[in-house]
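Enquirer: just need the structure, nothing else, for what follows:
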Amino acid sequence: MVGVWVIVFIYIIIISVDMSILLKYRSIKGIVFSTVIYIISLTLTILIILDIKVPSPSKAIEDIVKGVMKYI
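Expert: The predicted structure is shown next:
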């Protein structure tokens with residue numbers, strides 16, 4: 001369980017540096033985009049650390065590619 005807190009602490013450091021740069025330039029779109037990406041990334045990281053199976057999108061991507069290839 002200590003490993004999860006180490007990862008969260010590292011994320012906080014990275015987010016702080018990134019957000020300080022974005023706030024300096026007042027990039028609202030960048031702040032929103034980075035926040036969404038960080039939340040998704042941190043959630044997936046914690047799920048993987050806790051050995052919770054995360055479904056793979058590979059089958060859905062394969063179906064999309066096959067569907068597009070039919071029309072080409």
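Enquirer: tell me the contacts of residue 60?
Expert: Not one residue lies near residue 60 by C-beta atoms under 8 Å, 6 or more residues apart in numbering. For the C-beta atoms, the positions are set from N, CA and C on the backbone; glycine is no exception.
Enquirer: measure it to residue 69 for me?
Expert: Distance, residue 60 to residue 69, using C-beta to C-beta, to the nearest Å: 15 Å.
Enquirer: now do residue 33
Expert: From residue 33 over to residue 69 the distance is 31 Å, taken as C-beta to C-beta.
Enquirer: ok, the two, which is more surrounded?
Expert: Between residue 33 and residue 69, residue 33 has the larger neighbour count (other C-beta atoms under 10 Å), namely 12 against 8.
Enquirer: quick check: phi and psi at that one.
Expert: Torsion angles at residue 33 (phi, psi; degrees, to the nearest 10) stand at phi -60, psi -50.
Enquirer: the closest residue in space to residue 49 that isn't next to it in sequence is in what secondary structure piece?
Expert: Residue nearest to residue 49 in three dimensions, not counting chain neighbours: residue 4, with 5.4 Å by C-beta to C-beta, 6 or more residues apart in numbering. Residue 4 is part of helix 2-24 when elements are defined by DSSP states H and E.
Enquirer: can you mark which positions in that helix are buried?
Expert: Neighbour counts over helix 2-24 (16 or more other C-beta atoms under 10 Å) mark 11, 18, 22 as buried.
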